[in-house]
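*Asks:* missing the sequence, but the structure's below:
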């Protein structure tokens, strides 16, 4: 019997149903032993309370889940990082159910809040998990190798990292659930989504602007070729090419500072926005879960300290809210850096405009080489117009981000 066959022994191919409006949670100690949960968790897991409390949380782990995912999640949790992931669980009777789970440290242990996933993103993730599971069985992948494969595949879906993935996945699942249940989405979440969409558009505009910038990097060389042919008369063209080369180098430095690396201006503001977005949806989900928990007071075993548990959950929700406010402050700070950085780029673009004007003047005075210079001027016109238009859109998008931060700040 293969390793997968052994793990699947006693597991059913049938799905265990639970309602879209049901949210459930469980808490564990630092070692992953279940200390509490709500009635939905107990019912969906299919165990009696006395079987769950004190049991290891992996009692509900489905054998078709790659071990590398849990290794990855625990590594994040041990660093204090809230983590969202799609997880397939198994009931006591062997039936399976999928959840989108929010896991995070709570006191000396951890809490996991779950919702029913309904978006197409789940299918993509299931394919990634299936590949990782197969590699664990076939190739003997270590936990690290399996974890790395999952992370790589998530990036191939178009995400910069797990933070971006979990923020988008939670937002998609939350909003899809809200639509199906005809529930409103609070403006707090909508504001963060607006900033997230704006920063994604900034990346697109910056990438396209960089391509336009690259298209004119050959201009100084072409200008020097023309100057060499003109001998003494080419002196002004040669001087222009030198100045132009310097400006291009400065622009290259700006691009590197703005979009390259984990500590660049763009990466910092994007991380802050995505973290705030993730926490804003987590706050909303946890608050709804707490309300459901309070409504089910009669469903808990004798001796269950309902009031203490409620207090613990509310305290954790407040931690989420505080974290979201900190993320918002980070966005405000990084938006100001963003604005200063764009102003620097505007100065470089102004310098390019001056160079373009000088090229036009020289083109008009050089009859013999007018055609060649005219071609350079036309290239500068086209590329610079695109750069200016994209830069203007980036400025506008930063204004959108700042406007949303102002509105969010007014809510607190």
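*Replies:* Arrived safely. Since the structure is predicted, the reported quantities are computational estimates derived from the model, not experimental observations. Numbers count the residues shown, from 1 in each chain.

*Asks:* Kindly provide the distance from residue 41 to residue 57.
*Replies:* 11 Å (CB to CB, to the nearest Å). Glycine gets a C-beta too; all of them are placed from N, C-alpha and C.

*Asks:* meant to ask about residue 336
*Replies:* Computed as CB to CB, the residue 336 to residue 57 distance reads 43 Å.

*Asks:* Give the residue from the two that has the larger number of neighbours.
*Replies:* Applying other CB atoms under 10 Å to residue 336 and residue 57 shows that residue 57 carries more neighbours, namely 21 against 13.

*Asks:* My read is that that one contacts residue 35, right?
*Replies:* No: using CB atoms under 8 Å, residue 57 is not in contact with residue 35, being 9.8 Å away.

*Asks:* so what's in contact with the two at the same time?
*Replies:* residue 28 (CB atoms under 8 Å, 6 or more residues apart in numbering).

*Asks:* one step back: shared neighbours, residue 41 and residue 57?
*Replies:* By CB under 8 Å, 6+ apart, the residues touching both residue 41 and residue 57 are residue 26.

*Asks:* Now do the helix or strand containing residue 350: distance to the chain's middle.
*Replies:* Assigned by DSSP states H and E, residue 350 falls within helix 306-365. Relative to the chain's own centre, helix 306-365 is displaced by 16 Å; criterion: CA atoms, centre = their mean, to the nearest Å.

*Asks:* Are there helices or strands packed against it, and which ones?
*Replies:* strand 96-106, helix 235-259, helix 265-295, helix 370-409 (3 or more CB pairs under 8 Å, 6 or more residues apart in numbering; DSSP states H and E).

*Asks:* Which one, of the ones you listed, ends up nearest to residue 193?
*Replies:* Residue 193 sits nearest to helix 265-295 of all the helices and strands packed on helix 306-365, at 6.6 Å, using CB to CB.

*Asks:* In that closest one, which residues are buried?
*Replies:* Buried residues in helix 265-295, counted by 16 or more other CB atoms under 10 Å: 265-286, 288-290, 292-293.

*Asks:* now stretch 319-327
*Replies:* 319-321, 323-325, 327.

*Asks:* quick one: low-confidence ranges for the stretch 301-412 of the chain?
*Replies:* 366-372 (pLDDT under 70).

*Asks:* whoops, the chain was the one
*Replies:* Ranges of the chain meeting pLDDT under 70: 1-10, 231, 233, 366-372.

*Asks:* circling back: include distance to residue 158 when you put the buried residues of stretch 319-327 into a markdown table, please.
*Replies:* Formatted as a markdown table, these follow (distance: CB to CB, whole Å):
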| residue | distance to residue 158 |
| --- | --- |
| 319 | 30 |
| 320 | 27 |
| 321 | 30 |
| 323 | 26 |
| 324 | 25 |
| 325 | 29 |
| 327 | 22 |
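
*Asks:* Show me which pair in those residues is furthest apart.
*Replies:* 319 and 327 (12.7 Å).

*Asks:* Now do the shared contacts for the two.
*Replies:* Common neighbours of residue 319 and residue 327 (CB under 8 Å, 6+ apart) do not exist.

*Asks:* Run the chain-centre distance for stretch 98-106.
*Replies:* Distance, centroid of stretch 98-106 to centroid of chain: 17 Å (CA atoms, centre = their mean).

*Asks:* same question, stretch 188-196
*Replies:* 13 Å.

*Asks:* now swap in stretch 215-233 and tell me
*Replies:* With CA atoms, centre = their mean, you get 45 Å for stretch 215-233.

*Asks:* possible to save the helices and strands packed on helix 306-365 as JSON lines with distance to residue 13?
*Replies:* Converted to JSON lines, the helices and strands packed on helix 306-365 look like this (distance: least, CB to CB, whole Å):
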{"stretch": "strand 96-106", "distance to residue 13": "8"}
{"stretch": "helix 235-259", "distance to residue 13": "47"}
{"stretch": "helix 265-295", "distance to residue 13": "29"}
{"stretch": "helix 370-409", "distance to residue 13": "46"}
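
*Asks:* what about residue 144, how many neighbours?
*Replies:* 12.
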